[in-house]
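Peer 1: Return a 3D structure for these sequence lines:
(one chain, ligands or ions: 1)
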Amino acid sequence: MIIQKPKGTYDLLPEKAFSRVYAESKIREIFDLFNYREIRTPTFEYTLLFKRSIGENTDIVSKEMFTFNNSQYSLKPEMTAPVIRAYLENGLYNQSPLIKLYYISNMYRYERPQAGRFREFSQFGAEAIGSSEPFIDAEMIVLAAFILSEFQIRNYKIKLNNIGTPDERKKYLEKLFNYLNKFKNDLSGDSKKRLQKNPLRILDSKMTEDRKIIENAPRLYDYLEQSTIKNFEQVQSLLSGLGISYEIDYFLVRGLDYYTSTTFEIVSDELGAQDAIFGGGRYDLLTKQLGGKPTPAIGFACGFERFFSLMEKYEYCIPEENKCILYIVTSGNKASVFALNLIYELRKSGFKCEMDYLNRSIKSQMKEANKINAAYTAVIGNNELDSGKILMKKMSDGNQTEININNINNFLINENKTGKTG
Ligand code: HAM
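Peer 2: So this is what the prediction gives:
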């Protein structure tokens, strides 16, 4: 029996891998345009890092981590904590008071797999560490919207909220608990469990029985201090000035404990149940929680699989892969040896070419050249080796040009320049 891939994972076969790499390179260009620099961190970290940052009672830490070696290590379920760990450990704060970083990396969460939800998935994301100014909140959201527009993804919604500081939340949490407790028998099974441990997360529930109760729940917004509200209004006015449409969702709480103040999500109706494409927000207390000096910060991450399915829905055009300019058809061992050396030289000059490695007949080699859409084919056998001349056959019109074998390089340069290879 063939061994299959684990549940919640996927293979990227060459065609999709090509599109993905293309999208990644375009995303890298956009991050560069906004002056973010790439950071890479290990695939696994000490479990403690995630416990301290994401929070022990969150779904991610309490039930979704791939943890091993006596629970000492965990595969990273997200990148914000590793980025802040690296920021502190490497003293990046010494380089500049504002550090702008981005990443594209695989993450691991042991979730129940479904459409758009994987156990190994990829995120691209950005983190700006060092500024509490609302301008950077606006830049972060504009950056996400810019990426979406560059990939022609439309009809998404930007949901915005401000969840204040833990102090501001304390009074609110009491009120929220008292309110929800009145309905505890009517809450969904999951929400019943969350009531004691993490009642804020109930606001995020999509279950209809919970939604009815949440509709009339007290709003965190009403417990925010004036300075927080002023900051929130500034972020909104900057976004409006930039022409970014958003809606305020007073119940947007996000599933990770490190968030403070601005939080946002970008959702799309085209994605089904797992509708969040981007998620992000401020985490001004995280650096302190991880042992550093208090440093305000904000970021977002986007799930590549969801992003990619939107790219496909909106028919984003990925350029075609480069085709081989030349396929050398060989006849006999001597010709194969010659061809092997010849295409090595041509490849050194930057020409993508191919030959036969399966000892196939001339006819099936020709078929292969057609199948891979090579621009030219040339047959090399004893005659060609003796005469030093070959026929370059242009596959699009069947025209043949006789040239010296030594001249192939120049011939291809000339053909490439004049664009005649098509
Ligand atoms: P998150 O909301 O947990 O936030 O994840 C961000 C995005 O990753 C989601 O909106 C979704 O597109 C994608 N995602 C999450 N889990 C899965 C999964 N199991 N399968 C497929 N896609 C998934 C974070 O990870 C934060 N670190 C974001 C952030 C950065 N906040 C500040 N800076």
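Peer 1: hey, let's count contacts and neighbours off CA atoms from now on
Peer 2: Fine.
Peer 1: residues in the stretch 101-250 of the chain within reach of the ligand, list them.
Peer 2: Residues of the stretch 101-250 of the chain lying close to the ligand (C-alpha under 6 Å from any ligand atom) are 109, 116-119, 121, 123, 127.
Peer 1: and stretch 159-173, how far apart are its ends?
Peer 2: Here the two ends of stretch 159-173 are set 22 Å apart, with distance taken as C-alpha to C-alpha, to the nearest Å.
Peer 1: should've said stretch 348-364
Peer 2: End-to-end distance for stretch 348-364: 27 Å, by C-alpha to C-alpha.
Peer 1: outside of that stretch, which residues touch it?
Peer 2: 322-331, 339-340, 343, 346-347, 365, 409 (C-alpha atoms under 8 Å, 6 or more residues apart in numbering).
Peer 1: What of stretch 172-183?
Peer 2: With C-alpha under 8 Å, 6+ apart as the test, stretch 172-183 has contacts from 195, 199-200, 213, 217-220, 223.
Peer 1: Just the ones in helices from those, please.
Peer 2: 195, 213 (DSSP state H).
Peer 1: what is the mean pLDDT for the helix ranked longest in the chain?
Peer 2: Counting by DSSP H, the longest helix found in the chain is helix 14-33. Confidence over helix 14-33 (mean pLDDT, whole number) is 97.
Peer 1: Might you report the residue contacts of the closest residue in space to Val267 that isn't next to it in sequence?
Peer 2: Distances taken as C-alpha to C-alpha, 6 or more residues apart in numbering place Ala276 nearest to Val267, at 4.3 Å, with adjacent residues excluded. Each residue near Ala276 by C-alpha under 8 Å, 6+ apart is listed here: 265-268.
Peer 1: ok and the residue in the stretch 1-150 of the chain nearest the ligand?
Peer 2: Closest approach between the stretch 1-150 of the chain and the ligand, counting by C-alpha to the nearest ligand atom: Arg117, at 3.5 Å.
Peer 1: Mind giving me the PyMOL select for the contacts of stretch 348-364, buried ones only?
Peer 2: Of the contacts of stretch 348-364, the buried ones go into a single PyMOL selection, burial set by 16 or more other C-alpha atoms under 10 Å:
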select buried, resi 324+325+326+327+328+329+330+331+339+340+343+346+365+409
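Peer 1: how many neighbours does the closest residue to Gln114 other than its chain neighbours have?
Peer 2: Closest residue in space to Gln114, ignoring its immediate chain neighbours: Gly8 at 7.7 Å, by C-alpha to C-alpha, 6+ apart. Number of residues near Gly8 (other C-alpha atoms under 10 Å) recorded here: 19.
Peer 1: what are the phi and psi values for Gly8?
Peer 2: Per-residue torsions, Gly8: phi 80, psi 10 (degrees, to the nearest 10).
Peer 1: Would you enumerate the residues in contact with it?
Peer 2: By C-alpha under 8 Å, 6+ apart, the contact list for Gly8 reads 112-114, 117-120.
Peer 1: could you turn stretch 218-233 into PDB, dropping everything but the C-alphas?
Peer 2: Output of stretch 218-233 as PDB, limited to C-alpha atoms (Å, rounded to 0.1, in the frame of the first residue of the first chain):
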ATOM      1  CA  PRO A 218     -22.000  44.600  26.700                       C
ATOM      2  CA  ARG A 219     -19.400  46.200  24.400                       C
ATOM      3  CA  LEU A 220     -15.700  46.500  25.300                       C
ATOM      4  CA  TYR A 221     -15.600  49.800  23.500                       C
ATOM      5  CA  ASP A 222     -17.800  51.300  26.300                       C
ATOM      6  CA  TYR A 223     -15.000  50.500  28.800                       C
ATOM      7  CA  LEU A 224     -12.100  52.000  26.900                       C
ATOM      8  CA  GLU A 225     -10.300  55.100  28.200                       C
ATOM      9  CA  GLN A 226     -10.500  58.400  26.300                       C
ATOM     10  CA  SER A 227      -6.900  58.100  25.200                       C
ATOM     11  CA  THR A 228      -7.600  54.700  23.600                       C
ATOM     12  CA  ILE A 229     -10.700  55.900  21.900                       C
ATOM     13  CA  LYS A 230      -8.800  59.000  20.600                       C
ATOM     14  CA  ASN A 231      -6.100  56.700  19.200                       C
ATOM     15  CA  PHE A 232      -8.800  54.400  17.600                       C
ATOM     16  CA  GLU A 233     -10.400  57.400  16.000                       C
END
